[in-house]
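Q: Kindly return the folded structure for what I paste below:
(chains A and B)
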Amino acid sequence: MNHKLAVRELVKVFKGRRGSGDVVALGGVDVHVDKGELVSLVGTSGCGKSTLLRIVAGLADATSGDVLVDGEPVIGPGPDRGMVFQGYSLFPWLDVSENIAFGLRLAGTGKANRKARVDELLGIMGLTEHARRLPKELSGGMRQRVAIARALAPEPDVLLLDEPFGALDAHTRLSMHEFLRTVWRRTGATILLVTHDVDEAVYLSSRVYVMHAHPGRIVEEVTMTCDPDLGPAVKRSPEFLDVRDEIHGRLMQA
Amino acid sequence: MTGPPIVDAGAVAGEAAAPGASGSRRHGKAKGRGRKQSRLFELRGSLPTSWRIGLAVLGLALVFGAWLLAAATLNGDSEVVPSPGETYHAFVDQWQQGNLWLDFKASTGRILYGYAISMAIGVVVGVAVGSLMSFESTVEAPIAFMRYVPATAMTPLLTVWLGIDEAPKITLIVLGTVFFNILMTADVARAVPRELIEASYTLGARRRTVLGRVVLRHSLPGIVDVARINLAAAWLILPISEVLAAQEGLAFRIDRAERFRNVDTMFALLIVFGIIGLASDLGLRWLRNATSPWATS
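A: Numbers count the residues shown, from 1 in each chain, chains lettered A, B, ... in the order given. Coordinates of the predicted model:
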């Protein structure tokens, strides 16, 4: 089977300082994401989920194991794997449009195509009227929408989200969940989401990987069966609550 | 209201009496919870613009008043403190003789020349030091060493090497500021958020692009700040370079005035230094905000 993204037997060891032992951040992790899937990695802080995402992005090296996108090994960062960080990652001197266009400029996309793509994303993100604003003039939720648009602009094979809503207030986070679902549906993007928020993972994903720490490993893989058309109401369905409680229980065992 | 009724009643009464009521002030502490604090001395507080302008004028007036007082009381047989009027006349005198313009051009020319070289080196080396650990490790020790060698103590060496023309004067200004510029620029480059650099990579940027389009761009307002702060050090070095066989220059002229004990000329030229410094400070502040409006609050 050809997965869009495949992570195989990934090991990451951080060399300890003198006197303390090595830390095994990832102890042989297997994860895959198929085309058009939205898959989550949940785990408590320090379980290695962000390390995994950084290795997939090419921002960190693995000690051993492979990361494959469309069967090709990842050897460094590239625009085929767009990434969204928790915050503070927009270029503060560029306005919303220019931020979104950053990757397109690097790719040498012509001015007309660039504008068309930026306008399209501004529309999807509901940012059209804020196109000329600087990041410092935007709310936290809007900034993350811009960050997602910027990562999507070069049409990546996989979109990597590293706790993208972790710094937002509870209410904004909920509206961002609806927003991400809409974006996912309209763009058909393949998404790997890292989060410590179980509700977020269960609500947004088609599959959830549950991680434990020391060493970082996958302890469970849950496939969602909830009706995707239910919307936020699904959060009160017995199915949703069962899965959520199961994952919470699994995390408690760590 | 959650507290015991008696305490609450007291607090309310105290609050009502406190604002501006001279009666309660005369009795010392106003009654009520907490400590009522004056806005004038609020730590890290802000004041209305009118207050700020008023206080600025007050500050200048105090200095001017102290000057007038000193001129009126300190002068005995010989003049030690010239009055503002005498200073003004000395200024006009220098201007009419044509000295002032020549001196101004010579001094600012040396500063501009030397400091431009110093900033150019400071930006290139500083951004490299702040961004590349390999580079930092290589040059850190030599820079730390050179920073503690007083540039002014190198004057004799510079005359041996470079003679007594403009070259040693400009070199002295470079040596006296470049190591500070490098280290402070390195700190500015280190302050670029890691996420910005990593986001650039995931958008397809290569290292060289990230260095120019992200690190340097993000550092720009900080670099202008560094330029502004260390410019004072360049002016600090200037007098040493101008006693080194100069024919014109503001510090040279002050040195010359000493021979005739022309304190009024000294005062006039010292004030010129201050004005140039103030103007360049304001100019660089403007430049920072004009080039990086995103970095102003």
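Q: OK, now which residue of the stretch 151-254 of chain A is nearest to chain B?
A: Of all residues in the stretch 151-254 of chain A, residue A:154 sits closest to chain B, at 6.4 Å by C-beta to the nearest C-beta. (Glycine included, C-beta is placed from N, CA and C.)
Q: That residue looks like it's in a strand, true?
A: No - assignment of residue A:154 by DSSP: H, G, I helix; E, B strand; the rest coil gives coil, placing it outside any strand.
Q: next one: phi and psi at residue A:211?
A: The phi and psi values for residue A:211, taken as degrees, to the nearest 10, are phi -110, psi 150.
Q: Correction: the previous question concerned residue A:207.
A: Dihedral angles for residue A:207 - degrees, to the nearest 10 - are phi -140, psi 150.
Q: What of residue B:240?
A: Note on residue B:240: backbone dihedrals following degrees, to the nearest 10 are phi -60, psi -40.
Q: count of residues packed around it?
A: 19 (other C-beta atoms under 10 Å in any protein chain shown).
Q: Then residue A:5?
A: Neighbour count for residue A:5, taken as other C-beta under 10 Å: 24.
Q: contacting residues for it?
A: Residue A:5 makes contact with A:31, A:32, A:33, A:56, A:67, A:68, A:69, A:157, A:158, A:190, A:192, according to C-beta atoms under 8 Å, 6 or more residues apart in numbering or on different chains.
Q: The residue of the stretch 151-254 of chain A closest to chain B and residue A:104 touch, don't they?
A: Yes - counting by C-beta atoms under 8 Å, residue A:104 is a contact partner of residue A:154 at 6.2 Å.
Q: ok, the two, which is more surrounded?
A: In this view residue A:154 and residue A:104 are compared by other C-beta under 10 Å, and residue A:104 has more residues nearby, 24 against 21.
Q: Show only the entries of the contacts of residue A:5 found in strands.
A: Of the contacts of residue A:5, the ones assigned to strands by DSSP state E are A:31, A:32, A:33, A:67, A:68, A:69, A:158, A:192.
Q: can you pull the contacts of the last one?
A: Contact partners of residue A:192, counting by C-beta under 8 Å, 6+ apart, are A:5, A:31, A:33, A:39, A:40, A:41, A:53, A:56, A:158, A:159, A:160, A:161.
Q: Leaving out the residues flanking it, which one is nearest to residue B:222?
A: Once flanking residues are discounted, residue B:222 sits nearest to residue B:188: 3.4 Å by C-beta to C-beta, 6 or more residues apart in numbering or on different chains.
Q: burial measure for that neighbour, as a count.
A: Counted with other C-beta under 10 Å, residues neighbouring residue B:188 total 22.
Q: got a list of what it touches?
A: Contact analysis of residue B:188 by C-beta under 8 Å, 6+ apart lists B:126, B:130, B:219, B:222, B:223, B:225, B:226.
Q: Make a markdown table out of these and add distance to residue B:99 and pLDDT.
A: As requested, the contacts of residue B:188 are exported to a markdown table (distance: C-beta to C-beta, whole Å; pLDDT from 0 to 100):
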| residue | distance to residue B:99 | pLDDT |
| --- | --- | --- |
| B:126 | 38 | 97 |
| B:130 | 44 | 96 |
| B:219 | 41 | 97 |
| B:222 | 39 | 97 |
| B:223 | 35 | 97 |
| B:225 | 34 | 97 |
| B:226 | 33 | 97 |
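Q: now, which of the residues you listed sits nearest chain A?
A: Compare each of the contacts of residue B:188 with chain A using C-beta to the nearest C-beta and the shortest gap goes to residue B:219, at 11.1 Å.
Q: per-residue confidence for the nearest residue to the closest one once chain neighbours are set aside?
A: In space, and not counting its chain neighbours, residue B:219 is closest to residue B:188: 4.8 Å by C-beta to C-beta, 6+ apart. If you check residue B:188, the pLDDT there is 97.
Q: Helix or strand: which one has residue B:188?
A: helix B:166-190 (DSSP states H and E).
Q: buried ones in that helix?
A: Applying a neighbour-count criterion of 16 or more other C-beta atoms under 10 Å in any protein chain shown, one finds B:166, B:168-186, B:188-189 buried in helix B:166-190.
Q: For the contacts of residue B:188, work out which two are farthest apart.
A: Taking C-beta to C-beta as the measure, the contacts of residue B:188 reach their widest spread between B:130 and B:225, a distance of 14.4 Å.
Q: And the pLDDT at residue 11?
A: Defaulting to chain A. Residue A:11 carries a pLDDT value of 92.
Q: think we crossed wires, I meant chain B
A: 44.
Q: Identify, among the helices and strands of chain B, the element with the weakest mean pLDDT.
A: Using mean pLDDT, DSSP states H and E, helix B:5-17 stands out as the lowest-scoring helix or strand of chain B, at a mean of 44.
Q: Neighbours of residue A:201, how many?
A: Using other C-beta under 10 Å, residue A:201 has 27 other residues around it.
Q: Might one say that it is in contact with residue A:195?
A: Yes - if you go by C-beta under 8 Å, residue A:201 and residue A:195 touch, sitting 5.4 Å apart.
Q: any common contacting residues for these two?
A: With C-beta under 8 Å, 6+ apart, residue A:201 and residue A:195 have common neighbours A:40, A:41, A:42.
Q: Can you give me the distance of residue A:49 to residue B:95?
A: From residue A:49 across to residue B:95, the span is 72 Å (C-beta to C-beta, to the nearest Å).
Q: the more surrounded of those two?
A: residue A:49 (28 against 13).
Q: How about the contacts made by that one?
A: Applying C-beta under 8 Å, 6+ apart, the residues near residue A:49 are A:41, A:42, A:43, A:194, A:211, A:216.
Q: Then residue A:93?
A: So residue A:93 contacts A:134, B:217, B:218, B:292, B:294, B:295 (C-beta under 8 Å, 6+ apart).
Q: Show me which of the residues you listed is closest to residue B:147.
A: Nearest to residue B:147, judged by C-beta to C-beta, of the contacts of residue A:93 is residue B:218 at 25.3 Å.
Q: any idea how far that closest one is from residue A:92?
A: Taking C-beta to C-beta as the measure, residue B:218 falls 7 Å from residue A:92.
Q: and the two? which has more neighbours close in?
A: Comparing residue B:218 with residue A:92 by neighbour count (other C-beta under 10 Å), the higher total belongs to residue B:218, at 22 against 16.
Q: what about that one, which SS state?
A: Recorded secondary structure, residue B:218: helix (three-state DSSP).
Q: gap between it and residue B:194?
A: For residue B:218, the distance to residue B:194 equals 12 Å [C-beta to C-beta].
Q: List, one by one, the residues from the stretch 151-297 of chain B near chain A.
A: Neighbours of chain A within the stretch 151-297 of chain B, by C-beta under 8 Å from any C-beta of the partner chain: B:193, B:195-196, B:198-205, B:209, B:214, B:217-218, B:292-295.
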